[in-house]
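Student: Predicted model follows, preceded by the sequence.
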Amino acid sequence: MMKRIPLFLLTLFMAAGALSARPSFPDNGQLFVDTVVPRVDIKVDPDTLEWIYANP
């Protein structure tokens, strides 16, 4: 009987953890913001850029 109580509690805690670990998804809304244009700066060595243009 004493071995069943810790096993029951372990099972209970694991089940509670699995139920509370579900991901919460955000509300459906606008996917991309149209008012902001992101900027990406890529720095390439001039010699490397010349090689990229020469070898497409």
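Tutor: Yep, it's here.

Student: Pull the distance from the longest helix anywhere in the chain to the chain's centre.
Tutor: For the chain, the helix with the greatest residue count under DSSP state H is helix 4-20. Centroid separation for helix 4-20 versus its chain: 27 Å, with Cα atoms, centre = their mean, to the nearest Å.

Student: can you check stretch 48-56 too?
Tutor: Stretch 48-56 sits 34 Å away from the centroid of its parent chain (Cα atoms, centre = their mean).

Student: quick one on the thing from earlier: ok, then the element right after the longest helix of the chain?
Tutor: helix 46-54 (DSSP states H and E).

Student: Send over that next one as PDB, restricted to the C-alpha atoms.
Tutor: Taking C-alpha atoms only, helix 46-54 is exported to PDB below (Å, rounded to 0.1, in the frame of the first residue of the first chain):
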ATOM      1  CA  PRO A  46      34.900  43.900 -51.600                       C
ATOM      2  CA  ASP A  47      37.100  41.100 -52.900                       C
ATOM      3  CA  THR A  48      34.500  38.500 -51.900                       C
ATOM      4  CA  LEU A  49      31.700  40.500 -53.500                       C
ATOM      5  CA  GLU A  50      33.700  40.600 -56.700                       C
ATOM      6  CA  TRP A  51      34.200  36.800 -56.600                       C
ATOM      7  CA  ILE A  52      30.400  36.300 -56.000                       C
ATOM      8  CA  TYR A  53      29.600  38.500 -59.000                       C
ATOM      9  CA  ALA A  54      32.100  36.600 -61.100                       C
END
